[in-house]
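Trainee: Sharing a sequence plus its predicted fold:
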Amino acid sequence: MPRKFAVPILILTVLSLLLSGCYSIEREQTSIKATLNAMQDQLNGESGHSTGQTPSTPVPQAEAPDGPADVSYTLTTGVAGHNLVFIGVGGEIDGVHNPTLLAQPGDIVEITLVNAEAVQHNLQIDDFGVDTGMLSGQGEQQTIKFVADREGSFTYFCVVPGHQAAGMQGTLQVGSGDSAAAASVVKSPSDLPAAVGARGPQLVQAELVAEEVVGQLADGTTYPYFTFNGTVPGPFIRARVGDTVEITLRNETSSTFVHSVDLHAATGPGGGGEVTQVQPGETKTFTFTALNPGIYVYHCATPSVPHHIASGMYGLILIEPAGGLPPVDREFYVMQGEIYTEEPFGTPGQLTFSHEKMANEDPEYFVFNGAVGAVGLASEANMLQANVGDTVRIFVGVGGPNFTSSFHVIGEIFDRAYAFGSLTAAPLTDVQTISVPPGGAVMVEFDVEYPGHYVLVDHALSRLERGLVGMLHVQGAADPSIFKEGPANP
Ligand SMILES: [Cu+2]
């Protein structure tokens, strides 16, 4: 009997460790450590300037153009936590880590790299055949000059082994500035399937696609997200108790990590996590019967699991009770998570994931639906909208991976709160704030009786200053018997 379970578990563990994110992370960390050690040696062990292992001979340039540059940028080298970065100097890129450099097709582009420490670095753009040559002395600098003769996104990076993986890379964007803007990963809180209602059990099929995308975390700030179907949270899956649910997980060919899915609504090994470890380019399918109604979290279950979750791989699956849920006027889908970056909150440019801060549960960002102010503050398109008199229902989940939400809507009271996602227990009534644990969800309902803006928060309000805020906008006539400014009897 134990043997029956031990084998698959062993296989799973080995597969997970060898083939998955863990492997990549370990490999990345090893190279970062090696890099840091090398830097340490160079800074401490050796004395002064005469020590560079590689002579700093400039590499011949690919026919530098004549004439003045149309755009010129200066970058210096630096360290951000455990990562190495290029840092912008002057102008709009000043202080920005791995800034996106902009040029128009045909521009003569000049990029100067200044070496900040007595450590080897270079900057090269393979697409244009240019390279600063290896810099090794502190303060040493070299300029490359070339014609950006075609439109597109091109990578600049440091060629020293391990440095690109450790973070030394950025984008040269030639042409339309629009495409330089990072993709939005924000899931609209209004994007939910229609209610299941009173139908009988049937087959429900859902396709999840693991996509690794650089997305906008805040204005001028991007983060390397892991997503289901390109958004955070992933798609809202909706079925009813007794349904046969067929889940297909495809991992994009462009992915660099293994991914998987564990649905808390599924009864079976790992909630599907064991049979869905998918390599890049691979697809796997499994089927479960929805035995218990409720509102459930699903998430990636590939080591390092908290890395995958913190990077955005979570969503909700609703299993409606027989007969469906009572109809309401508005339904919304909101999930909370934390993001752990090497760079402090508010740093512009492309940020990098910090395994150490994640392990220490010390996030830089807290977000609803994946990005700072995503739900209605950063973009009105994602605001929760309702009219006076509506009954509003919000499905609130916490992907986490670590922090419990004290979910609250400022200026409203939950008429009904379905704690812990149970839809069969009687709801709590007249609730101000409800706890939502990581890997848990709730359903709250309330009538909106008065117009205005109502702010969604985690009442652990320090998190508001780290990006965790949303907005419900209620339109309609103001009823002074409910609320008014001034004394009761003027
Ligand atoms: Cu994953």
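Mentor: Structure received.
Trainee: any weak-confidence spans in this structure?
Mentor: 1-62, 176-181 (pLDDT under 70).
Trainee: longest strand of it?
Mentor: For the chain, the longest strand by residue count, based on DSSP state E, is strand 203-218.
Trainee: residues of the very next helix or strand once past that one that come out buried?
Mentor: Sequence order places strand 221-228 as the next helix or strand after strand 203-218, per DSSP states H and E. By neighbour count on 16 or more other C-beta atoms under 10 Å, the buried set for strand 221-228 is 221-228. Any C-beta I mention is one placed from the backbone N, CA and C, and that applies to glycine too.
Trainee: Now tabulate the residues you listed in JSON lines and tack on distance to Asn122.
Mentor: What follows is the buried residues of strand 221-228, written out as JSON lines (distance: C-beta to C-beta, whole Å):
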{"residue": "Thr221", "distance to Asn122": "26"}
{"residue": "Thr222", "distance to Asn122": "24"}
{"residue": "Tyr223", "distance to Asn122": "26"}
{"residue": "Pro224", "distance to Asn122": "23"}
{"residue": "Tyr225", "distance to Asn122": "29"}
{"residue": "Phe226", "distance to Asn122": "30"}
{"residue": "Thr227", "distance to Asn122": "33"}
{"residue": "Phe228", "distance to Asn122": "38"}
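Trainee: Give me the helices and strands touching the longest strand of the chain, please.
Mentor: Strand 203-218 is packed against strand 221-228, strand 237-240, strand 244-251, strand 365-368, with contacts defined by 3 or more C-beta pairs under 8 Å, 6 or more residues apart in numbering; DSSP states H and E.
Trainee: Pull out the buried residues from it.
Mentor: Across strand 203-218, burial judged by 16+ other C-beta under 10 Å covers 204, 206, 208-213, 215-218.
Trainee: quick one: Phe146 and Pro68, what's the gap?
Mentor: Separation of Phe146 from Pro68 (C-beta to C-beta, to the nearest Å): 14 Å.
Trainee: got it, and Pro201?
Mentor: Pro201 is 72 Å from Pro68, by C-beta to C-beta.
Trainee: quick one: which of the two has more around it?
Mentor: The neighbour comparison of Pro201 against Pro68 (other C-beta atoms under 10 Å) goes to Pro201, with 14 against 9.
Trainee: my guess is the more buried one contacts Pro293, does it?
Mentor: No. Taking contacts as C-beta atoms under 8 Å, Pro201 lies outside contact range of Pro293: 11.8 Å.
Trainee: Now the common contact residues for these two.
Mentor: Shared contacts of Pro201 and Pro293 (C-beta atoms under 8 Å, 6 or more residues apart in numbering): 240-241.
Trainee: who does the residue in the stretch 101-250 of the chain that the ion sits nearest to bridge with?
Mentor: Relative to the ion, the nearest point of the stretch 101-250 of the chain is Phe226 (5.1 Å; C-beta to the ion). Phe226 has these beta-bridge partners by DSSP bridges: Glu212.
Trainee: check contacts around it.
Mentor: The contact partners of Phe226, by C-beta under 8 Å, 6+ apart, come to 210-212, 257, 259, 300, 308, 311-313.
Trainee: do Thr76 as well
Mentor: By C-beta under 8 Å, 6+ apart, the contact set of Thr76 is 86-87, 89, 113-116.
Trainee: and the residue lying closest to His97 once chain neighbours are set aside, what does it touch?
Mentor: Spatial nearest neighbour of His97, chain neighbours left out: Gly349 (4.0 Å); criterion: C-beta to C-beta, 6 or more residues apart in numbering. Neighbour list for Gly349: 88, 96-100, 220-222, 343 [criterion: C-beta under 8 Å, 6+ apart].
Trainee: Now with 6 Å, please.
Mentor: Listed by C-beta atoms under 6 Å, 6 or more residues apart in numbering, the contact partners of Gly349 are 96-99.
Trainee: Thr248 too?
Mentor: 207, 285.
Trainee: mind running it again at 10 Å?
Mentor: Thr248 is in contact with 205-209, 261, 276, 278, 283-287, counting by C-beta atoms under 10 Å, 6 or more residues apart in numbering.
Trainee: ok, now Leu351?
Mentor: 80, 83, 85, 97-98, 167, 214, 217-218, 221-224, 339-345, 364-365.
Trainee: So which bits of the chain are right by the ion?
Mentor: Within the chain, the residues that sit near the ion (C-beta under 5 Å from the ion) are 259, 300, 302, 308, 313.
Trainee: how far is stretch 303-316 from where the chain is centred?
Mentor: Chain-centre distance of stretch 303-316: 9 Å, with C-alpha atoms, centre = their mean, to the nearest Å.
Trainee: Buried residues of it, list them for me.
Mentor: When neighbours are counted by 16+ other C-beta under 10 Å, the buried residues of stretch 303-316 are found to be 303-316.
Trainee: now, which of those lie within helices?
Mentor: Filtering those for membership in helices, criterion DSSP state H, returns 305-310.
Trainee: Closest to Ala265 out of these?
Mentor: Taking C-beta to C-beta as the measure, Ala265 lies nearest Ile309 of those, at 16.8 Å.
Trainee: show me what contacts the closest one?
Mentor: 226, 297, 299-301, 337-338, 358, 399-402, 438-439.
Trainee: just Thr287 next, same as before
Mentor: Contacts of Thr287 (C-beta under 10 Å, 6+ apart): 203, 205, 244-248, 266, 268, 272.
Trainee: Farthest pair within the ones in helices among the buried residues of stretch 303-316?
Mentor: In terms of C-beta to C-beta, those reach their longest pairwise distance at Val305 and Ala310, which sit 9.5 Å apart.
Trainee: now, among the contacts of Gly349, which is nearest to the ion?
Mentor: Lowest distance from the ion to these (C-beta to the ion) belongs to Asn98, with 23.5 Å.
Trainee: close enough to count as contact, the closest one and Leu172?
Mentor: No. With contact defined as C-beta atoms under 10 Å, Asn98 and Leu172 do not form a contacting pair (11.1 Å).
Trainee: who has more neighbours, these two?
Mentor: Higher neighbour count among Asn98 and Leu172: Asn98, with 26 against 22, using other C-beta under 10 Å.
Trainee: Helix, strand, or coil at the closest residue to the more buried one other than its chain neighbours?
Mentor: Using C-beta to C-beta, 6+ apart and skipping the chain neighbours, the partner closest in space to Asn98 is Gly170 (3.6 Å). Here Gly170 is strand, with the state taken from DSSP: H, G, I helix; E, B strand; the rest coil.
Trainee: what's near enough to touch Gly170?
Mentor: Residues counted as contacts of Gly170 (C-beta under 10 Å, 6+ apart) are 75, 85-86, 88, 93, 96-101, 123, 154-157, 349-350.
Trainee: What subset of those residues is buried?
Mentor: 75, 85-86, 88, 93, 96-101, 123, 154, 156-157, 349-350.
Trainee: burial measure for Gly90, as a count.
Mentor: Residues within reach of Gly90, counting by other C-beta under 10 Å, total 10.
Trainee: go on, the one 5 residues further on?
Mentor: By the criterion of other C-beta under 10 Å, Gly95 has 13 neighbours.
Trainee: ok, it touching Pro344?
Mentor: No. Using C-beta under 10 Å, Gly95 is not in contact with Pro344; the gap is 11.8 Å.
Trainee: Sketch out the helices for the stretch 301-450 of the chain, chain order is fine.
Mentor: Ranges of helices within the stretch 301-450 of the chain are 305-310, 355-359, based on DSSP state H, counting those that start in this stretch.
Trainee: Point me to the residue of the stretch 301-450 of the chain nearest the ion.
Mentor: Nearest residue of the stretch 301-450 of the chain to the ion (C-beta to the ion) works out as His308 at 3.4 Å.
Trainee: Return the residues in contact with that residue.
Mentor: Going by C-beta under 10 Å, 6+ apart, His308 touches 20-21, 210, 226, 257-260, 299-302, 314, 401.
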